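Trainee: here is a sequence with its predicted model. Questions after.
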Amino acid sequence: MDHRDILNRYFGYSEFREGQEEAVTHILSGRDLLAIMPTGAGKSICYQIPALMFDGLAIVVSPLISLMKDQVSGLLESGVGAAFLNSSQTAAEQRDVLRRAARNEYKLLYVAPERLLLDEFLELASGAAVSMVTVDEAHCVSQWGQDFRPAYMGIRTFVGTLGRRPVLSAFTATATSRVRDDMISLLGLSGPHLVMTGFDRSNLRFSVRKPRDKMRELLSCMDALRGRCGIVYCSTRKAVDEVFRALCEKGYAATRYHAGLDERERRENQDSFLYDRSAVMVATNAFGMGIDKSNVAFVIHFNMPKNIESYYQEAGRAGRDGEPAECILLYGGRDVLTNRFLTQKSLEANEELDDEARASLMQKDEELLKAMTWYCHSDGCLRAYILRYFGEDAPEYCGNCENCSSNFVETDVTLEAQKIISCVYRLDERNRGFGRNMVAQILRGSKSERILQQRLDTLSTYGIMADQPTSRIYSVMDYLIRNGFLDLSEGEYPVLRLAPPYAKVTRGESRVVMRLPKAPPKDLPKAAGKAARAAGAGQGGDGQGGDGAVEAALFQRLRALRSELASQANVPAFVVFSDASLRDMCRRLPESPAAFLEVSGVGQSKLESYGEAFTSEIRLYLEEARGETRAGAPRDR
């Protein structure tokens with residue numbers, strides 16, 4: 001069989017997705033590979049197919065227990081011999097896996113990076129015919145990545161212990177050029193072929209909101225998304241607990257996950273989400289990497305993450321099935337301070353770092369945090385901001401983010417910009433400098449004790465924007481910083497300074513035009529606005545593709561059947577079939593084994609395991625539908 005036959009027989013797909021076949025063929029040619037493909041692009045198939053075609057054992061270095069468990073469960077369901085080796089197993093279970101691997105019972109063995117250099121694993125690897133070493137979540141090797149894991153630094157050493165160097169492949173979803181260079185050098189990739197399919201996830205709709213009351217806004221979002229599966233990320237354990245309680249009080253089937261819970265509760269809560277007993281997971285960033293749950297329809301960030309890499313990876317856990325999904329970030333000014341505090345606390349707790357290294361990492365994290373903050377204040381296309389951050393060209397308008405929607409309009413803010421620049425200029429004349437908040441207070445004519453004591457009320461620009469809300473002043477101010485008319489200094493107390501191009505604005509040579517939110521109609525009833533939001537956020541309903549009530553009814557019956565079969569097999573529902581496969585069944589209505597094999601995601605093994613159960617359910621549904629049609633048909637007169 002060639003690689004296309006393998007794709008169809010074991011995984012049930014007739015065509016490769018973008019980048020998959022390119023990656024597969026280069027690995028099969030014996031060349032090292034680095035693949036940067038977005039979440040949901042099907043990275044695992046890129047190395048699983050070569051593993052099945054090579055002679056010997058493929059070793060997959062994987063960072064999380066949950067990721068290994070889901071991958072292995074999926075492979076076993078597809079009829080592929082696979083196992084994992086990690087700390088969740090007893091010593092006897094680990095010895096059994098090693099024995100069976102030595103007897104060539106597996107084609108793929110997933111292993112945590114910390115185990116690679118242990119004596120018992122080195123003994124297995126030295127005696128086995130290792131066909132390939134694959135590094136999943138390869139960005140973990142770089143300190144510039146969002147999930148640096150020191151054990152990844154030992155992968156190159158491990159590969160060097162093997163008698164014959166196998167093909168080495170590395171995969172990740174997000175990586176800047178700096179992280180990409182680190183992956184190549186630190187993993188020891190030899191002249192790797194680079195596959196980059198682009199970072200865009202066109203099915204994800206991005207939104208940034210800046211509410212006065214985050215909890216109220218969250219509950220409003222959840223009301224619009226009710227009935228759909230999703231994740232709410234919080235930056236602290238305390239916030240997780242508060243959000244979890246609030247959702248439970250409102251009747252949501254929610255669970256929670258953070259490092260303050262004991263291991264048993266974390267495992268039970270994670271399984272409750274994976275097995276669809278809980279529709280909503282509230283968690284810190286400790287949850288999620290490697291969670292291959294296909295029906296996540298939304299990800300809401302209750303707090304701003306510390307960098308774009310983390311945000312895009314976490315938001316990308318929505319819409320893995322290719323269906324429309326919502327990615328909403330609730331921003332508040334305190335999020336910046338919280339991230340600085342958490343970063344500093346983490347670095348101080350790392351005893352392996354000296355003062356110089358700690359200062360260097362703090363500066364790096366500050367740069368990443370600044371880029372994340374600018375995203376939250378961007379008035380342009382949110383998708384374009386993310387894609388450009390990762391070095392990819394992007395159009396100014398995507399049509400599928402909040403900033404590209406009709407809620408924003410281009411506005412000439414040249415006059416406001418001149419007033420802000422003038423205020424910074426007048427302060428500079430007095431050899432004074434302040435941050436955004438103080439400058440905004442001066443412009444609005446604040447009578448705070450600090451302003452009056454320092455006689456800042458005597459400035460000619462004092463109170464000249466008293467008619468403007470502070471949020472509007474901040475928006476224009478941030479636009480001027482992003483576009484190089486003003487500078488914001490580094491350090492604990494950033495100060496606004498003039499940048500050379502400012503004079504073009506003050507002289508009227510350069511117009512300042514930015515996109516700002518439209519003012520809502522004053523006579524719009526709250527209920528109408530809420531309904532409009534619900535309609536917009538709920539496009540696609542619960543992800544059934546909008547094919548009408550008939551498909552929706554069958555889809556729910558197939559979901560129930562899938563849950564029953566998954567429970568019997570003790571695997572998450574998506575391991576049996578993804579929602580996308582169920583929708584394809586609703587479209588094709590297969591009643592025979594041959595027709596069922598045409599469904600996306602149905603291979604030979606799944607046909608044998610589940611074909612009769614699902615085709616019987618579809619036949620029963622169609623018979624009932626025909627009976628209702630006959631019973632309800634008008635009689636001839």
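Mentor: Sure, I can see it. Note that this is a predicted model, so its numbers are computed, not measured.
Trainee: confirm that Asp487 sits in a strand.
Mentor: Yes: according to DSSP: H, G, I helix; E, B strand; the rest coil, the state of Asp487 is that of a strand.
Trainee: pLDDT-wise, which helix or strand of the chain ranks last?
Mentor: Every helix and strand in the chain was compared by mean pLDDT, DSSP states H and E; the lowest is helix 526-537, with a mean of 35.
Trainee: does Tyr493 really touch Gly433, like I thought?
Mentor: No: with contact defined as CB atoms under 8 Å, Tyr493 does not reach Gly433; the gap is 9.5 Å. Using the backbone N, CA and C atoms, a C-beta is placed for each residue, glycine as well.
Trainee: which one's more surrounded, the two?
Mentor: When Tyr493 and Gly433 are compared for neighbours, Gly433 comes out ahead with 16 against 9, by other CB atoms under 10 Å.
Trainee: kindly format the C-alpha coordinates of whatever helix or strand comes next after the least confident helix or strand of the chain as CSV.
Mentor: With elements assigned by DSSP states H and E, the helix or strand that comes after helix 526-537 is helix 549-569. Taking Å, rounded to 0.1, in the frame of the first residue of the first chain, the C-alpha atoms of helix 549-569 are listed here in CSV:
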residue,chain,number,x,y,z
ALA,A,549,-34.1,20.6,11.5
VAL,A,550,-34.0,17.2,9.8
GLU,A,551,-30.2,17.0,10.0
ALA,A,552,-30.2,18.4,13.6
ALA,A,553,-32.6,15.7,14.8
LEU,A,554,-30.5,12.9,13.3
PHE,A,555,-27.3,14.6,14.5
GLN,A,556,-28.5,14.5,18.1
ARG,A,557,-29.4,10.8,17.8
LEU,A,558,-26.0,9.9,16.3
ARG,A,559,-24.3,11.9,19.1
ALA,A,560,-26.2,9.9,21.7
LEU,A,561,-25.2,6.7,20.0
ARG,A,562,-21.6,7.8,19.9
SER,A,563,-21.7,8.7,23.6
GLU,A,564,-23.0,5.2,24.4
LEU,A,565,-20.4,3.4,22.4
ALA,A,566,-17.6,5.6,23.7
SER,A,567,-18.7,4.9,27.3
GLN,A,568,-18.6,1.2,26.6
ALA,A,569,-15.1,1.5,25.1
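Trainee: so how far is helix 549-569 from its chain's centroid?
Mentor: Remark: helix 549-569 is offset 27 Å from the chain centroid, using CA atoms, centre = their mean, to the nearest Å.
Trainee: in it, what counts as buried?
Mentor: Glu551, Leu554, Phe555, Arg557, Leu558, Arg559, Leu561, Arg562, Ser563, Leu565, Ala566, Ala569 (16 or more other CB atoms under 10 Å).
Trainee: in space, what's closest to the last one - neighbours in sequence excluded?
Mentor: Taking CB to CB, 6 or more residues apart in numbering as the measure, Ala569 lies nearest to Val576, with 7.1 Å between them; neighbours along the chain are not counted.
Trainee: pretty sure the one you found is touching Arg562, no?
Mentor: Yes: between Val576 and Arg562 there is a contact at 5.2 Å, judged by CB under 8 Å.
Trainee: how about residues contacting stretch 1-14?
Mentor: For stretch 1-14, contacts defined as CB atoms under 8 Å, 6 or more residues apart in numbering pick out 16, 21, 24-25, 28, 45, 48-50, 52-53, 78-80, 581, 597, 599-606.
Trainee: try stretch 250-262
Mentor: Taking CB under 8 Å, 6+ apart as the rule, stretch 250-262 contacts 219, 222, 226, 237, 240-241, 244, 247-248, 266, 269-270, 272-273, 277-284, 286-287.
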